[in-house]
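Q: using only what follows, build the 3D model:
(2 chains)
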There are 2 protein chains.
Amino acid sequence: MFSLTISFNLHPNQERIQNNIEMLATMVDQSKPGWTRRPFTSWYKEGRAWLKQQMEQAGLQVSIDAGGNLIGRLSGSEEHLKPIMIGSHTDTVTGGGRFDGIIGVIAGIEIARRLQETGTTLRHTLEIVDFTAEEPSEFGISTIGSRSMVGNLTAEMLERTDQTGLVLDEGIRMIGGNPDEIYETARKTGDVSLYLELHIEQGPVLEQNNMKLGVVTGIVGIHRYRVIVEGKPNHAGTTPMNMRFDALTGASELVLELENLCKFTYSDPVVGTVGKFTNEPNGANVIPGRVIFELEVRSIDSEIIENIMSSFSKYAALVAAKRQLDISLDNLSKSDSIRVLPDVQDKIAAACSATGKTQYLPSGAGHDANQLASIAPVGMIFVPSREGRSHCPEEWTDFAEVALGVEALARALINFDQDYIERR
Amino acid sequence: MFSLTISFNLHPNQERIQNNIEMLATMVDQSKPGWTRRPFTSWYKEGRAWLKQQMEQAGLQVSIDAGGNLIGRLSGSEEHLKPIMIGSHTDTVTGGGRFDGIIGVIAGIEIARRLQETGTTLRHTLEIVDFTAEEPSEFGISTIGSRSMVGNLTAEMLERTDQTGLVLDEGIRMIGGNPDEIYETARKTGDVSLYLELHIEQGPVLEQNNMKLGVVTGIVGIHRYRVIVEGKPNHAGTTPMNMRFDALTGASELVLELENLCKFTYSDPVVGTVGKFTNEPNGANVIPGRVIFELEVRSIDSEIIENIMSSFSKYAALVAAKRQLDISLDNLSKSDSIRVLPDVQDKIAAACSATGKTQYLPSGAGHDANQLASIAPVGMIFVPSREGRSHCPEEWTDFAEVALGVEALARALINFDQDYIERR
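A: Got it, this is the predicted structure:
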């Protein structure tokens, strides 16, 4: 087994990382709250132009692929080895923060700079990717660039139009992509040795546990349902309590039961949420006649999700019978979970532990890694999010913590480059 | 004590009542669902013109008072006795039915016709009133005409504007009223001997109990509160169940507790409802950060309401502490209940029992009687509402049941005219 030298020569430059993050934070739509850089806008293009410059200065050969992904490439010494890819995204949600996605791209560029500065040549070719439009978009899809890279962006999706009238196909062309070539140029299983991503946790776990680094065990699968609770809208004054068919009180029991079911201890963590909830007719003096709500359950173990939904659905039938309501559950979507391979987890854990206090945890949110997982092993490192906040102006990670994440990512990269991939 | 003749000579004409109701149902805004005759519209004026004709044909002397109330007057034989008033309204909610309010006005006119046809002269002057705009209006007030009659319509209210830009003051002038004279002509305590109103129940109690007539024991008071449940809007995927501050699950506990508290047995009936309920930010993958809802509790006994709200408020504090949420309760309004005097109830009960199967019950909704109660004793008779429906196109009462209501009202009128009032 390869053994590292004691001094870690890719130690990143924290000040430079901070400057980079702050620079991108200036290229935003000032008319929006927080830091807003929606894909296909002038601010996005401005950010991309600046990133391209950074990549070039770091000695990377820059190109834009068919899906509009910005890729900086550094050739490795062993041509037969497929590239290791480090990526994330620089688009934000509206009113978002300065860290989500951004630190992953900056991390890749910083590592390239340190490779250049230390005269280090990797065995594998290294690709640093700023994926197109990762966040939920007005086109009704997320991870547009990474979908495209693995051939998961359908012709139908390309024809979708956002609220401004922009067709996705045109948007991708505007940033230098060529949708006509997405399918012939898509990466296939084996084309990438390993995909690595550094990201903010977007949750409170690392901070609460006083940890600096998280080894991602997988990305949860999400099952979403629409629940319709149908009662009778009656006069709130003239209908006695025992003659009501109140959709809201029925729905309230369901909301609490979902919480209840998800609070049990399972072999893997699970979360369940009712996020959307609409009451009808919503008059101060009318007994609610209908409630429509959307629930989701997330876990790495889809069997746990299925068990919870089975219990929930039985409970809903009981509530319907007891209250004489009609309750229907419709599945809206089921996304599969991604499991990080145990040996990838362990190697990342070793790199993280050599850098700072580390724990294992699942990712509750989706990432570009979800898409890359369909063609390559993936690994992710999390750094803490203050108060677990994300997708809001308050999103924050100390720059020292970001630098620790970049350091851990660099260690992991070197380990994988030297040891892991050749064994596959 | 005066004793009635065995044969009841004011027995109403059911067919004529039906024709009248059906005729008014033709004078509606056809562009709206159900039967819609909003106040101050052309349909309302058309209905009023037709009612005036009916009143005149019934031998009533017709006038419009300062608040735009249409009044048909029949002089009694004893001038020193203050009038007995029978009233209700002919405006409807948008998308409403054919019975709410309308049957009370038609009942009064039918009784006047029967008095005329049988050559009966009452001791008291009789006034039949179609009150202006009883239903909740775009001006943010209801019972506009009866408010005006008792001097409860303020100058501020008269200046309010509806969505079409109409000022209430102008609306009242449009139908023949004169707002300048509302205060000097307002009726005062003692100016009316008794106010009687026939109305549909708008609830399911009579039908469920297989009763034909209801003696109203009072009109409930209503206490309304706005409740704000403040949590933290976090990512539904990345925030573990035990690190959440979910406003929706907290609010759900409150909704169920209100139902619970109102289902106890109290000395008077009570109902509690959460009708309006809004979830924020209402995103499928965001833990609800804030829920705002409005609750109301109704009972004839305001002490019961206060006790329920005191228990509810303690429970809310427990939920707030347990879930680390901020929960605030703000009182929006407290309307006083109206109690029908026991001797008025009994006299009405005697008239009803002589007519059909009768029970006592409170009115869960407000009526013009609420306003009249501030200057005179009031009494109300209810007839059944099919499935308890009201304020909707499905609102229905069999014409035979309406006729029973008119008959009971006529009996009560004669009893009061002969016996009751003179003792006061």
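Q: quick one: residues contacting the residue positioned nearest the centre of chain A.
A: Residue closest to the average C-alpha location in chain A (CA atoms, centre = their mean): A:H367, at 2.7 Å. A:H367 makes contact with A:88, A:134, A:143, A:197, A:199, A:219, A:380 under the criterion CB atoms under 8 Å, 6 or more residues apart in numbering or on different chains. All C-beta spots, glycine's among them, are computed from the backbone N, C-alpha and C.
Q: quick check, the second one in a strand?
A: No: following the definition DSSP: H, G, I helix; E, B strand; the rest coil, A:E134 is coil and is not counted among the residues of a strand.
Q: name the nearest residue to it, ignoring sequence neighbours.
A: Of all residues not flanking A:E134 in the chain, A:H89 sits nearest, at 3.6 Å (CB to CB, 6 or more residues apart in numbering or on different chains).
Q: cool, and the first one?
A: The spatially closest residue to A:S88, leaving aside those adjacent along the chain, is A:G104, at 2.4 Å (CB to CB, 6+ apart).
Q: my guess is that neighbour contacts A:E110, does it?
A: No: if you go by CB atoms under 8 Å, A:G104 and A:E110 don't touch, sitting 10.8 Å apart.
Q: what about those two, which has more around it?
A: Under the neighbour definition other CB atoms under 10 Å in any protein chain shown, A:G104 and A:E110 were set side by side, and A:G104 has more, 32 against 27.
Q: which elements pack onto the host helix or strand of that one?
A: According to DSSP states H and E, A:G104 maps onto helix A:102-117. The contact analysis (3 or more CB pairs under 8 Å, 6 or more residues apart in numbering or on different chains; DSSP states H and E) places helix A:102-117 against helix A:14-24, helix A:42-57, strand A:70-74, strand A:84-89, strand A:126-131, strand A:194-200, helix A:399-415.
Q: for those, give me JSON lines that also has mean neighbour count and mean pLDDT.
A: Below are those laid out as JSON lines (neighbours: other CB atoms under 10 Å in any protein chain shown; pLDDT from 0 to 100):
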{"stretch": "helix A:14-24", "mean neighbour count": "17", "mean pLDDT": "98"}
{"stretch": "helix A:42-57", "mean neighbour count": "18", "mean pLDDT": "98"}
{"stretch": "strand A:70-74", "mean neighbour count": "22", "mean pLDDT": "98"}
{"stretch": "strand A:84-89", "mean neighbour count": "27", "mean pLDDT": "98"}
{"stretch": "strand A:126-131", "mean neighbour count": "27", "mean pLDDT": "98"}
{"stretch": "strand A:194-200", "mean neighbour count": "28", "mean pLDDT": "98"}
{"stretch": "helix A:399-415", "mean neighbour count": "24", "mean pLDDT": "97"}
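Q: for A:V62, pull up the helix or strand it's in.
A: Taking DSSP H and E as the criterion, the element that holds A:V62 is strand A:61-64.
Q: could you list the buried residues of that strand?
A: For strand A:61-64, a neighbour-count test (16 or more other CB atoms under 10 Å in any protein chain shown) marks A:62, A:64 as buried.
Q: and for stretch A:259-266?
A: A:259-262.
Q: out of the residues you listed, who's nearest A:R173?
A: A:C262 (43.5 Å; CB to CB).
Q: distance check, the closest one against A:R226.
A: Counting by CB to CB, to the nearest Å, the separation of A:C262 from A:R226 is 18 Å.
Q: okay, the residue of the stretch 1-150 of chain A found nearest chain B: pLDDT?
A: Closest to chain B within the stretch 1-150 of chain A is A:P136: 8.5 Å, counting by CB to the nearest CB. Listed pLDDT for A:P136 reads 85.
Q: just to revisit the earlier point, and the average pLDDT for the helix holding A:G104 is what?
A: Mean predicted confidence for helix A:102-117 is 98.
Q: how far does that helix sit from the chain's center?
A: Relative to its chain's centre, helix A:102-117 lies at 20 Å (CA atoms, centre = their mean, to the nearest Å).
Q: tell me the buried residues in that helix?
A: Per 16+ other CB under 10 Å, helix A:102-117 contains these buried residues: A:102-115.
Q: with stretch A:223-236 instead?
A: A:223-225, A:227-236.
Q: tell me the two of these that are most distant?
A: Between any two of these (CB to CB), the greatest distance is 38.1 Å, for A:H223 and A:H235.
Q: chain neighbours aside, what residue packs nearest to A:N13?
A: Per CB to CB, 6+ apart, closest to A:N13 is A:E110, 6.8 Å.
Q: wait, isn't the one you found in contact with A:E407?
A: No: using CB under 8 Å, A:E110 is not in contact with A:E407; the gap is 9.6 Å.
Q: so what sits against both of those two?
A: Both A:E110 and A:E407 are in contact with A:P12, where contact means CB under 8 Å, 6+ apart.
Q: quick one: residues in contact with whatever helix or strand A:A317 lives in.
A: Assessed by DSSP H and E, A:A317 sits inside helix A:302-323. Helix A:302-323 has contacts (CB under 8 Å, 6+ apart) with A:221, A:223, A:225, A:227, A:231, A:245-246, A:249-250, A:253-254, A:257-258, A:261-262, A:266-268, A:270, A:272, A:295, A:297-299, A:325-327, A:329, A:334, A:336-337.
Q: picking up where we left off before, relative to chain B, which of the buried residues of stretch A:223-236 is nearest.
A: Checking these against chain B by CB to the nearest CB gives A:A236 as the nearest, at 3.8 Å.
Q: list the contacts of that closest one.
A: Per CB under 8 Å, 6+ apart, neighbours of A:A236: A:284-287, B:271, B:273, B:275, B:296, B:298, B:364.
Q: so which of the residues you listed sit within strands?
A: Assignment to strands by DSSP state E places the following of these there: B:271, B:273, B:275, B:296, B:298.
Q: contacting residues for the residue of chain A most remote from its centre?
A: Going by CA atoms, centre = their mean, the residue of chain A most distant from its centre is A:T238, 50.4 Å out. If you count contacts by CB under 8 Å, 6+ apart, A:T238 has them with B:201-205, B:363-365, B:385, B:388, B:390.
Q: so which of these reach chain A?
A: B:201-205, B:363-365, B:385, B:388, B:390 (CB under 8 Å from any CB of the partner chain).
Q: turn the residues you listed into a markdown table, columns for neighbour count and pLDDT.
A: What follows is the ones next to chain A among the contacts of A:T238, written out as a markdown table (neighbours: other CB under 10 Å; pLDDT from 0 to 100):
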| residue | neighbour count | pLDDT |
| --- | --- | --- |
| B:E201 | 26 | 97 |
| B:Q202 | 24 | 95 |
| B:G203 | 28 | 94 |
| B:P204 | 21 | 94 |
| B:V205 | 22 | 95 |
| B:S363 | 28 | 96 |
| B:G364 | 25 | 93 |
| B:A365 | 22 | 91 |
| B:S385 | 27 | 97 |
| B:G388 | 24 | 92 |
| B:S390 | 26 | 90 |
